[in-house]
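> Pasting a predicted model and its sequence here:
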Amino acid sequence: MFLGTQRDSGPSTAQERIEAISQRLACPTCDGESVYESRSPGSQAIRQEITRQVADGVLTDGQIVRIIDDSYAADLKLIPSATGFDALIWVLPVAAFVAAVGGLIIVFRRWRHEGSLLATQEDQILVTQARQDRD
Amino acid sequence: MLAVSINAALGRGAILLGLLTCLSGVAVTIAGIRRHDLRALKSSVRYAYVAFFAALLAFVMMERALITRDFSMKYVQQVGSRDTPAIFNVTALWSALEGSILLWLLVLTAFVAAVARKFRGRAGDELLAWAMVVMFIVGLFFFFLSFGPANPFTMGPLGVSDGPGPNPLLQNHILVLFHPPILYIGYVGFTVPFAFAMAALITGRVGEGWLLETRRWTLYAWGFLTVGIILGSWWSYEVLGWSGVWAWDPVENASFLPWLTGTAYLHSVLVQERRGMLRVWNLSLVIATFSLTILGTFLTRSGVINSVHAFSEGSVGPWLLGFFAAIVIVAIILIGRRGDELRSPGAIDSPISREGAFLANNVVFSAFAFVVLLGTVFPLIVEAVDNRRLVVGQPFFNRMTMPLGLTLLFLMAVAPVLPWRKASQEVLRDRLFWPAWCGVLSLAVAVFVGADGWASLTAFAMGGFASGAALRQIVLASRRQGWRGVVGRANGGMVVHIGVIIIAVAFTASNSYTRTQEFVMNEGETVTFSGHSFTFEGLSLESDDVKTSVKAAVRIDGDQVYSPSRSKYVKQGMDIGTPSVKSGFVNDLYLTLEGTVRPDDTQARIKIFVKPLIMWLWIGGALMAIGTVLAAFPGKRRRPTAPVSAGLEESVQEVADHV
């Protein structure tokens, strides 16, 4: 870990900004790859556009993503939006996790309640009988 | 030329033999169970052997066809080539849909035969007989796929004397020889615990018996799946040229999903063995793990999801989906029927206990699996509901899984020190003292050397905390038990934990602190980046029958020359970039040759990635594999009737007293 965290001083390069933006856009012509991963001509064209925008230094990363996404018919954003139907992909895991944790809390409460019940006389007779049988 | 080649005839015959054998195996074993006919039940072993022989013969015939270049067969026309190097001719078998089903069949029937052999002395046991029935049914399904919708032995058009060979990406690295078979052993291996779980539900023997029978089978399947996934990451890193190891691609996710549920099961099973609890949950996890292997195969073999790894569209999709649905429906019905018998007899006393931590671990693993599954199938849902294309990529998965990963690291730190039943504050304070200091020290070192980002810092702190807990366990166990301190489930498990922690830290570091720069370099020019010098010494041309490559010679730090290249595959017309990597314990220097290049160019675009700790991903993977093997060895045995709160030594002493 000591070795892994060492990095050279100085700001991130413009190249790293280009890489970060290209990770947020899907390759328009290939199967399930991002512009960052893909080596297709379509991705190379997008990478050049990102490079140009970064060199201009006017737009933020989010604005560059939006402009490039708007210029294609297909949805190229690799992060689904948090509105409309797409919001389900964000909401469902959180809802499922909350439900699971809630269920766990309920179960633990029930177990605690059951655990605190005292043994009845019938239970004690059963245990005594089992002990005698064992002996 | 024969109308039907000997390879195709024998292969097709073998598939038919396997199909009929599995069908007979199902019928004879069920009849044996009904009539309590021990002879019939014993014969299931022979059926298992014959099924294995049939799959092996089909596999060998296909390999023979590929190696001897039998271009009368359609599959060889599709993936074979006269120019493909011999080793990639062998691996071409699993480079497309039909062949990959053959590999599946070989591994599956090997498992069926191994189970039959292992338990051959207990043929009269109904649990075992039903497990064999379930495995024969799974075998029957895959033999059917290979006989019908994914028949690899079809004859092709006449007059074809050569083929394109496998996808260039699949003839570019030796790992293609190991990664798929190892992954399949893990993937298919989960059939065994699934079969026993279904058998337990059918027979009503839903206690701990089936768990104990399948403990090692599950562990080995999980171990192979782990190694398969790691090797896949390594292949991706060495071949694809984008410098990453994991892209959350649907095919990667398909292998990761059963790994997640399988890992949850390996933990929760301990609670059932120790406390007799979580019966429904464990059955559900095993069934989910196997179902996810079928669902993953459907997603990646049916053409419904686009992926760089996925095979072309075939007609197996509806069959796989139907099989998946059948498994889920039958499992739900069986669990419903056994409702009362599955009720757990006990209760968990406190959430701050070993079993409480395992429960939390299971919730997090399940949530993790849910996120990965949802992200993988969500584009399909959007297309069905909204009729538009959506790609869910790395940023979504990274964002959603990061908190779950950190929580798992925290649980890895806390769970090993927690006692069963209930932990007092004193015990916690005592046992967490050193691990907590390891966490604090890790964080301090990370901050001191300039690490930034709260997620990365948290990961390093949690990594230190969790490794402290794992090391504490190993040290204590070794003091008590000598060399046996690293074997057995608990201790071997801690070695696995250390492997996981190393991978988590390396993954965090490589994702967070990678430096990248692209240089346009003239021949003889030297650039300095991230403390290293890179001298471009020129381009060269290399060509063989398969490809023409332009290689760039880049000398790093005035020492060795590395050669990233771009290759044009003659038959496929594909242009593939191949990276060149200088590996080290601290950093990998990863070079790619970018853009269009000609060998007589005096200028080249070289992209340099400085990636920290990549080698530790492979070291962590190796430790996980070693830990799995150590966990499979029997450790000191606990007396089964010892109270759950009893320490190992008292329990072992108790056994000795009784002996």
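Okay, I see it.

> residues from the stretch 101-250 of chain B in reach of chain A?
The stretch 101-250 of chain B comes close to chain A at residues B:Leu240, B:Gly241, B:Trp242, B:Gly244, B:Ala247, B:Asp249, B:Pro250, as judged by C-beta under 8 Å from any C-beta of the partner chain. Quick note: C-beta positions are derived from backbone N, CA and C, even for glycine.

> for the chain, which spans come out with low pLDDT?
Reading this off chain A. A:1-12, A:31, A:114-119, A:134-135 (pLDDT under 70).

> Not quite, go with chain B.
For chain B, the ranges with pLDDT under 70 are B:1-3, B:306-314, B:345, B:635-659.

> quick one, domains of it?
What automatic domain parsing lists as the domains of chain B is B:1-166, B:180-392, B:515-614.

> got the ones you listed as TSV, with mean neighbour count columns?
Below are those laid out as TSV (neighbours: other C-beta atoms under 10 Å in any protein chain shown):
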stretch	mean neighbour count
domain B:1-166	20
domain B:180-392	21
domain B:515-614	17
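
> Minimum distance to A:Gly57: which of those domains has it?
Proximity to A:Gly57, assessed across these by C-beta to C-beta, is greatest for domain B:515-614 (17.7 Å).

> For stretch B:118-125, C-alpha coordinates in PDB please.
Extracted in PDB, the C-alpha atoms of stretch B:118-125 (Å, rounded to 0.1, in the frame of the first residue of the first chain):
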ATOM      1  CA  LYS B 118     -16.700 -40.700  -4.600                       C
ATOM      2  CA  PHE B 119     -20.000 -41.900  -3.300                       C
ATOM      3  CA  ARG B 120     -20.200 -45.200  -5.000                       C
ATOM      4  CA  GLY B 121     -20.400 -47.100  -1.700                       C
ATOM      5  CA  ARG B 122     -23.600 -45.300  -0.800                       C
ATOM      6  CA  ALA B 123     -25.700 -45.900  -3.800                       C
ATOM      7  CA  GLY B 124     -28.600 -46.800  -1.700                       C
ATOM      8  CA  ASP B 125     -28.700 -43.400   0.000                       C
END
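
> Run through who's touching it.
B:Leu38, B:Leu41, B:Lys42, B:Ser44, B:Val45, B:Leu128, B:Ala129, B:Glu213 (C-beta atoms under 8 Å, 6 or more residues apart in numbering or on different chains).

> what packs against the helix or strand harbouring the fourth one?
Taking DSSP states H and E as the criterion, B:Ser44 maps to helix B:38-67. Helix B:38-67 sits against helix B:6-35, helix B:74-79, helix B:86-91, helix B:97-118, helix B:126-147, with contacts defined as 3 or more C-beta pairs under 8 Å, 6 or more residues apart in numbering or on different chains; DSSP states H and E.

> quick one: which of those is nearest B:Val586?
helix B:86-91 (32.6 Å).

> show me the contacts for residue 18.
I went with chain A, as the question did not name one. Counting by C-beta under 8 Å, 6+ apart, A:Ile18 has contacts A:Arg47, A:Ile50, A:Thr51, A:Val54.

> Oops, wrong one, chain B.
B:Val50, B:Ala51, B:Ala54, B:Ala55, B:Ala58, B:Leu105, B:Thr109, B:Gly139, B:Phe143, B:Ser146.

> Buried ones in the longest helix along chain A, by neighbour count?
In chain A, with assignment by DSSP state H, the single longest helix is helix A:88-115. Of the residues in helix A:88-115, A:Leu88, A:Ile89, A:Trp90, A:Pro93, A:Ala96, A:Phe97, A:Ala100, A:Leu104, A:Phe108, A:Trp111 count as buried by neighbour count, 16 or more other C-beta atoms under 10 Å in any protein chain shown.

> Sounds good, over and out.
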